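*Asks:* the following comprises the amino acid sequence and a computationally predicted model.
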Amino acid sequence: MCVIMRKLRQHFSNFFLRLFFGLVFIYVYCEYLIYYVTQAQCAWSSLSKEPIDGVEPVYALVIADTHLLGSRNGDWLDKWRREWQMHRAFQTAITLHRPDVVFVLGDLFDEGKWCSEKEFNDYVERYNKMFHVPESIAMYSIVGNHDIGYHYRITPHLVNRFESGLKSPPVELVSIRGNHFILINSMAMEGDGCSLCSRAVAEIDRISNILKCSSGSSLCKGKTKLQRYSRPIIMQHYPLYRESDSMCTEPDAAPLPERNEMFEERWDCLSKESTEYLVESLHPRAAFGGHTHHSCVVRHSFVPTSNHKIEFVEYTVPSFSWRNRLDPKYYLLTITPDEVKVSKCGMPREWTMQITAILMIIALLVYLKYFGCSVNTSSQSYKYLSGKKV
């Protein structure tokens, strides 16, 4: 009898040990490894032609609308869960893809326009921890309406604390290996002559003149030039002007009937006047924005004069947060002075993680029941009581 009890204790000990390690593996897979499995399927796009002079392309990772929760919206469990997901997904993307530069297209914070000074400082600290990048990777955070408010409620204090905390001026020119990115505060494009708008317009006019001088234009009015000219890429929070998302045909575009709802200028997108001003001043070759939380690709064609046409593609980047969509996305850009290649990368859906966990638990239980440590106690009892070899 003692031998039987010892064998039974060993049997249950093995059972619970295997159950424990099985559950640990399921947790690690669903909370860590699944991000690698999903994101490893996405890669940088190949270039159509070799870069001129053999200069390495710029590899940029673009995300939008992280909407970190504050004290007003969502409970602590929701906040912890969403932030953990974004942190794991972002760090996985950085580890797998190793970009040269990261752009975050606004609405970093969900309650930046309301929060107190202490809450804002907490926001910045959490943001820097969640989206930490190695020193070899540059990172630029562009302001959104949830960070400082829509134009009508922006104050100098809200602007200054974001600019100071995130090192994000209203307009900034960033040049990397002959590729030029113009980072713009969308809310400064109101066109009403406010102090913020005046600062932004003055900087855009200065950059516009640098670009003209660099391209050899006869309209050049100064001596400052870029080392190598290429048409710039606009990075901002708002999309450029469009009537609605009705032309957006991507699988992750806004759902119907929302897709056909008319946009309100200066609220859902830039105004038509500001869009024309930016395009005619900067002659972009591509533009990236966020704000809508959905994907869209728009092919623009502007004809400022009868003998001049400005054509480029605009990409609206879906939200990076599981609070805003079931299938968050980010973009990988392969950029040379002659090309902009885009890859859209998906992250695991939350229901996929849940179903995966359930199926793995069921598989674990089946394994433990039929293959793990099954013991035929009756045959074991017969063996020891009869003294016969089996």
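*Replies:* Structure's in. What do you need? Numbers count the residues shown, from 1 in each chain.
*Asks:* what's the separation between the residue minimising distance to the centre of the chain and Pro328?
*Replies:* For the chain, the residue nearest the mean C-alpha position is Ile63 (2.2 Å; Cα atoms, centre = their mean). Distance of Ile63 to Pro328, computed by Cβ to Cβ, to the nearest Å: 9 Å. Where C-beta positions appear, they are placed from N, C-alpha and C, glycine not excepted.
*Asks:* where do the contact lists of those two overlap?
*Replies:* Residues touching both Ile63 and Pro328 (Cβ atoms under 8 Å, 6 or more residues apart in numbering): Phe320.
*Asks:* just to revisit the earlier point, contacting residues around the residue nearest to the centre of the chain?
*Replies:* Contact partners of Ile63, counting by Cβ under 8 Å, 6+ apart, are Phe90, Val102, Phe103, Val104, Leu105, Val317, Phe320, Tyr330, Tyr331.
*Asks:* can you rerun that using 10 Å?
*Replies:* Residues near Ile63 by Cβ atoms under 10 Å, 6 or more residues apart in numbering: 86, 89-90, 93, 102-105, 108, 131, 290, 317-321, 328-331, 345.
*Asks:* now, of those, which are buried?
*Replies:* Among these, the ones that count as buried by 16 or more other Cβ atoms under 10 Å are 86, 89-90, 93, 102-105, 108, 131, 290, 317-321, 328-331, 345.
*Asks:* which members of the residues you listed are positioned in strands?
*Replies:* Val102, Phe103, Val104, Leu105, Lys329, Tyr330, Tyr331, Cys345 (DSSP state E).
*Asks:* now do the helices in the stretch 101-250 of the chain.
*Replies:* 117-130, 145-148, 156-166, 195-215 (DSSP state H, counting those that start in this stretch).
*Asks:* can you say which of those is packed in most?
*Replies:* Comparing the helices of the stretch 101-250 of the chain by mean neighbour count (mean count of other Cβ atoms under 10 Å), helix 145-148 ranks first with a mean of 24.
*Asks:* could you give the mean pLDDT of it?
*Replies:* What helix 145-148 shows for mean pLDDT is 97.
*Asks:* how is the chain divided into domains?
*Replies:* Following automatic domain parsing, one gets these domains for the chain: 1-39+350-390, 44-348.
*Asks:* which of those has the lowest mean pLDDT?
*Replies:* The minimum mean pLDDT among these belongs to domain 1-39+350-390 (a mean of 73).
*Asks:* distance of Gly289 from Asp107?
*Replies:* Computed as Cβ to Cβ, the Gly289 to Asp107 distance reads 11 Å.
*Asks:* same thing with Leu19?
*Replies:* Taking Cβ to Cβ as the measure, Leu19 falls 43 Å from Asp107.
*Asks:* looking at those two, which is more packed in?
*Replies:* Using other Cβ atoms under 10 Å, the more surrounded residue of Leu19 and Asp107 is Asp107, with 26 against 17.
*Asks:* need the nearest residue in space to that one, chain neighbours excluded.
*Replies:* Spatial nearest neighbour of Asp107, excluding adjacent residues (Cβ to Cβ, 6 or more residues apart in numbering): Gly144 at 3.5 Å.
*Asks:* ok, back up a step: now do the contacts for the closest residue in space to the residue nearest to the centre of the chain that isn't next to it in sequence.
*Replies:* The shortest distance from Ile63 to any residue other than its chain neighbours is 4.2 Å, reached at Phe320 (Cβ to Cβ, 6+ apart). Each residue near Phe320 by Cβ under 10 Å, 6+ apart is listed here: 62-67, 85-86, 89-90, 93, 104-105, 107, 131, 290, 293, 328-330, 347.
*Asks:* cool, Lys272 as well?
*Replies:* Lys272 neighbours (Cβ under 10 Å, 6+ apart): Leu240, Tyr241, Arg242, Glu243, Glu265.
*Asks:* I'd like these laid out as TSV, including distance to Val313 and neighbour count.
*Replies:* Below are the contacts of Lys272 laid out as TSV (distance: Cβ to Cβ, whole Å; neighbours: other Cβ atoms under 10 Å):
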residue	distance to Val313	neighbour count
Leu240	11	25
Tyr241	15	20
Arg242	13	21
Glu243	18	12
Glu265	21	16
